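Undergrad: Here's a sequence, model it:
(one chain, ligands or ions: 2)
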Amino acid sequence: MGLLSAKIDPSSLAEKEKFHRYERISELFTYLGLFGAFFLSFLPFDFPIERNGLYVLFGVVFVFCFIWFRLIPKKYTGLIKTLIYYCATIFFIFVGVHFTQGIKSFAIFYFYLVVLGAGVSLKIRYYFSIVLLIATMLIAEAIFFENGLPLNQRLILASLHIWALLIVALFAKSVFDEEIRAEAREDSVKLKSAKQIDTVKNEFVFVISNKLKQPILTLQNYLENVLRIKNQQWTPDFLDLLNKTRENSQRLSGLVNDLSDLSRIENQSLRLDIKEVNLNQLIGSTLSDFTMTATEKDIKLIYEPNVETIIVKADSSRMHEILANLIDNAVKYSPTGKTVIVLFKKVGNFAQIEVKDSGYGIPDEAKAHLFEKFYRVNRSSTEPKGTGLGLFVTKELIERQGGKIWFDSQVGKGTTFYFTLPLNQKNERK
Ligand code: ATP
Ligand code: MG
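TA: Ligands and ions are numbered 1, 2, ... in the order given. Below is the predicted model:
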């Protein structure tokens, strides 16, 4: 979203974090419930508990919990694991209920805790399935297991528990849902203000970069004029200095253009002035900006103009930026003495332009990231300077003009960037 936005998927990370949190809480409460019940069973009350059976059950549940929470790798955490956890808990509590006094058992209250816990961590349909499962088990216990009470009383007792469980379930769900809604409200307020900050930041970058454009342009014009005059008394060193200044002012102008486009792209307010553009002329004039830079690196710039005039529908100043970015890269990422070729042709309803170099090439692991914002290949400390914005902006500009960009590259052999732009229909009919 923003100029410096992170490249992670927050939703899945947040989900994982949430499940891990629930797991830790579930583990703690399972142990608490288990040991609490264990110590309660020693109290000198008069209830006929099958204590030995219960102790065996405690042991089994404890081992089960330990394996479940500690030995199963964290990657298996998720909704299915949580559901299995609740179903297994219900099963163990049911066995506990059955071992004690059936439908009259105090262990039934553990079901209430399960319902409260499940309210936090399960989606509504799984949650009510859990409540339904408990209700079914209570009715089964009431119908099939004799515990000294007549059937109708057992059923009344079971219905009372089911009724109370439903109330607890609804109460828990509405409390937790309200909490989630409050969190969402807070998040949306935060998101809104983050978006506003982002818009202001992009606007600021846009205004600053546009304010910088004019003085840079003036500076470039002065330099061009000075270089055109070429005083005979100038030493080669002085001329070199002037050329370097010109080259760097060109680079500065490119960067300022990229920044201004980036802020417009981010704010979704990029306006294009689509007109008929003569490719032959545009490529020729853009290439002439690079003659000096190329000569300095002893790089041969070869332009193969098409014999027929090709007219595309594009924004000519943006086209200039696109080409300048690609030619700048081709020259920048080639060692001295190499060649850069620019050519174009018609392919269907599109003009296809190619910028081909025989430079360093792009490593395979970098290929998928090349068009990302601020991405740079980390070749070595001798890597030419850059911001990693050029290709991101270039791709956006091409796609918004109805074209596509792709490349072929081999390390040590070179890179070719291809891009297309829609042909002017009138031009097509000619
Ligand atoms: P700038 O914003 O000044 O253009 P940059 O050149 O580093 O900075 P991009 O133009 O987006 O940024 O290029 C991203 C990376 O892709 C570069 O760092 C470079 O390593 C690699 N790259 C781009 N074009 C070529 C090329 N023709 N040959 C080899 N590597 C290239
Ligand atoms: Mg670049």
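Undergrad: How about residue 337: what's its closest non-neighbour residue?
TA: residue 298 (5.1 Å; CB to CB, 6 or more residues apart in numbering). In this view, the C-beta of every residue, glycine as well, is placed from N, C-alpha and C.
Undergrad: quick one: secondary structure of that neighbour?
TA: Recorded secondary structure, residue 298: coil (DSSP: H, G, I helix; E, B strand; the rest coil).
Undergrad: and the residue of the stretch 151-300 of the chain found nearest ligand 1, what is it in contact with?
TA: In the stretch 151-300 of the chain, no residue comes nearer to ligand 1 than residue 258, which is 5.7 Å away by CB to the nearest ligand atom. By CB atoms under 8 Å, 6 or more residues apart in numbering, the residues touching residue 258 are 321, 325, 387, 389-390, 393.
Undergrad: quick check: mean pLDDT across the helix or strand hosting residue 313?
TA: With elements taken from DSSP states H and E, the one containing residue 313 is strand 311-314. The pLDDT scores in strand 311-314 average 94.
Undergrad: Check which helices and strands that strand sits against.
TA: strand 275-278, strand 414-422, helix 425-429 (3 or more CB pairs under 8 Å, 6 or more residues apart in numbering; DSSP states H and E).
Undergrad: about what we covered before: and ligand 2, which of the contacts of residue 258 contact it?
TA: By CB under 5 Å from the ion, the members of the contacts of residue 258 lying near ligand 2 are residue 390.
Undergrad: List just the nearest of the contacts of residue 258 to residue 109.
TA: Closest to residue 109 out of these is residue 389 (63.1 Å), distances taken as CB to CB.
Undergrad: is it true that that closest one touches residue 375?
TA: No. In this structure, residue 389 is not within contact of residue 375 by CB atoms under 8 Å, at 9.3 Å.
Undergrad: closest point of the stretch 201-350 of the chain to ligand 2, which residue?
TA: residue 329 (4.4 Å; CB to the ion).
Undergrad: residues contacting that residue?
TA: 355, 390-391, 417.
Undergrad: coming back round to it: need the winner for burial among the helices and strands packed on strand 311-314.
TA: Counting by mean count of other CB atoms under 10 Å, strand 414-422 has the highest mean neighbour count of the helices and strands packed on strand 311-314, with a mean of 21.
Undergrad: Okay, domains of this protein per the record?
TA: 10-149, 204-266, 275-429 (automatic domain parsing).
Undergrad: thinking again about what came up before, nearest to residue 338 among the helices and strands packed on strand 311-314 would be which one?
TA: Across these, closest to residue 338 is strand 414-422 (CB to CB), at 7.8 Å.
Undergrad: Can I get that closest one in PDB, CA atoms only?
TA: Provided in PDB are the C-alpha atoms of strand 414-422 (Å, rounded to 0.1, in the frame of the first residue of the first chain):
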ATOM      1  CA  GLY A 414      23.200 -10.800 -21.200                       C
ATOM      2  CA  THR A 415      19.600  -9.700 -20.900                       C
ATOM      3  CA  THR A 416      16.800  -8.700 -23.400                       C
ATOM      4  CA  PHE A 417      13.800  -6.800 -22.200                       C
ATOM      5  CA  TYR A 418      10.800  -6.900 -24.400                       C
ATOM      6  CA  PHE A 419       7.700  -4.700 -24.100                       C
ATOM      7  CA  THR A 420       4.600  -4.200 -26.200                       C
ATOM      8  CA  LEU A 421       2.300  -1.200 -26.700                       C
ATOM      9  CA  PRO A 422      -1.000  -1.200 -28.700                       C
END
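Undergrad: buried ones in the strand or helix carrying residue 250?
TA: Under the criterion of DSSP H and E, residue 250 resides in helix 236-266. Neighbour-count burial for helix 236-266 flags 243, 246-247, 249-251, 253-266 (criterion: 16 or more other CB atoms under 10 Å).
Undergrad: Stretch 218-226 too?
TA: Buried-residue list, stretch 218-226, by 16+ other CB under 10 Å: 220, 223.
Undergrad: can you map out the helices along the stretch 251-400 of the chain?
TA: In the stretch 251-400 of the chain, the helices defined using DSSP state H, counting those that start in this stretch lie at 279-289, 291-296, 316-332, 364-367, 390-400.
Undergrad: Next: the stretch 101-250 of the chain.
TA: 109-121, 124-144, 151-229, 236-266.
Undergrad: Deepest in the core, which of these is it.
TA: helix 109-121 (a mean of 21).
Undergrad: pLDDT on that helix, on average?
TA: 87.
Undergrad: Phi, psi for the residue nearest to residue 272 when sequence neighbours are not counted please.
TA: For residue 272, ignoring the flanking residues on the chain, the nearest one in space by CB to CB, 6+ apart is residue 315 at 4.3 Å. Main-chain torsions, residue 315, degrees, to the nearest 10: phi -90, psi 110.
Undergrad: rewinding a little: kindly reformat the domains of the chain as JSON lines containing distance to residue 155.
TA: As requested, these are exported to JSON lines (distance: least, CB to CB, whole Å):
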{"stretch": "domain 10-149", "distance to residue 155": "5"}
{"stretch": "domain 204-266", "distance to residue 155": "66"}
{"stretch": "domain 275-429", "distance to residue 155": "65"}
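Undergrad: In a markdown table: the helices of the stretch 101-250 of the chain, plus distance to residue 308.
TA: Converted to a markdown table, the helices of the stretch 101-250 of the chain look like this (distance: least, CB to CB, whole Å):
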| stretch | distance to residue 308 |
| --- | --- |
| helix 109-121 | 68 |
| helix 124-144 | 65 |
| helix 151-229 | 32 |
| helix 236-266 | 30 |
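Undergrad: burial measure for the closest residue to residue 376 other than its chain neighbours, as a count.
TA: Once flanking residues are discounted, residue 376 sits nearest to residue 388: 4.1 Å by CB to CB, 6+ apart. Neighbourhood size, residue 388 [other CB atoms under 10 Å]: 14.
Undergrad: what residues are up against residue 388?
TA: 372-376.
Undergrad: farthest pair in those residues?
TA: 373 and 376 (10.8 Å).
Undergrad: Which of the contacts of residue 258 sits closest to residue 18?
TA: residue 389 (35.8 Å).
Undergrad: what sits against the closest one?
TA: Contacts of residue 389 by CB under 8 Å, 6+ apart are 255, 258-259, 262, 373-374.
Undergrad: Which residue does this protein have closest to ligand 2?
TA: Closest point on the chain to ligand 2, by CB to the ion, is residue 390, at 3.1 Å.
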